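> Compute the structure for the input listed below.
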Amino acid sequence: MAKASTPLDDPKINVKLKLSALWASLMFCYVYGDYFGLYVPGKLAGMLAGRMAPLGAVTPNVLLGTSAMMAVPALMVCLALLLPAAVSRWANGLLGLAYAAILLMTMPGAWSFYVFFGVIEIALSLTIVWTAWRWPRRTPVVES
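Modelled structure (predicted):
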């Protein structure tokens, strides 16, 4: 006789852990997309010539701005866990929307691999927004 299988335990995952994992996944896609972008013909030559498409000439301010833009999602991996719930909910919602918008602005005319990563990144960003929006509420304690 066949033995009945026992259902696997599927514990509920804390919303902060979900958000942190989503930001980590988003960062991996950013890194791989940028890495593969180095193989686009002319990309390295442009970098060696001091140009950062589509931003133009590389300057300390351009590098600072792009560094700040990429530091935010990287920091959200830990801030999603460390911030108080109310602050984290708003930060995740607003930043998730902002990064989805940035991706939408950078995708037109891009190579197919970049569009592929972009679609995944937008889905992850919007999932961050959705998860933050649906942040569970505490059940009120009723005293008798």
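> mind checking the SS state of the most centrally placed residue in the chain?
In the chain, the C-alpha nearest the mean C-alpha coordinate belongs to Leu26, at 3.4 Å (C-alpha atoms, centre = their mean). Of the three states, Leu26 takes helix according to DSSP: H, G, I helix; E, B strand; the rest coil.
> Was I right to think it contacts Pro73?
Yes: taking C-beta atoms under 8 Å as the definition, Leu26 is a contact partner of Pro73 at 5.8 Å. (C-beta placed from N, C-alpha, C; glycine too.)
> before we move on, which element is the nearest residue to Leu38 once chain neighbours are set aside in?
Residue nearest to Leu38 in three dimensions, not counting chain neighbours: Leu44, with 6.2 Å by C-beta to C-beta, 6 or more residues apart in numbering. Using DSSP states H and E, Leu44 sits within helix 43-48.
> What's the mean pLDDT across the helix or strand just after that helix?
Next helix or strand after helix 43-48 toward the C-terminus (DSSP H and E): strand 51-52. For strand 51-52, the mean pLDDT works out to 90.
> now the helix or strand following strand 51-52: how far from the chain's centre is it?
Sequence order places strand 56-57 as the next helix or strand after strand 51-52, per DSSP H and E. Mean-position distance between strand 56-57 and its chain equals 26 Å (C-alpha atoms, centre = their mean, to the nearest Å).
> go on, stretch 118-138?
The answer for stretch 118-138 is 9 Å, by C-alpha atoms, centre = their mean.
> Same question for stretch 124-142.
In terms of C-alpha atoms, centre = their mean, the centre of stretch 124-142 is set 17 Å apart from its chain centre.
> just stretch 66-81 next, same as before
9 Å.
> Asp9 and Ile128, how far apart?
Distance, Asp9 to Ile128, by C-beta to C-beta, to the nearest Å: 26 Å.
> actually Ala100, not the one I typed
In terms of C-beta to C-beta, Ala100 sits 9 Å off from Ile128.
> of those two, who's got more company?
In terms of neighbours (other C-beta atoms under 10 Å), Ile128 is the more surrounded of Ala100 and Ile128; the figures are 26 against 20.
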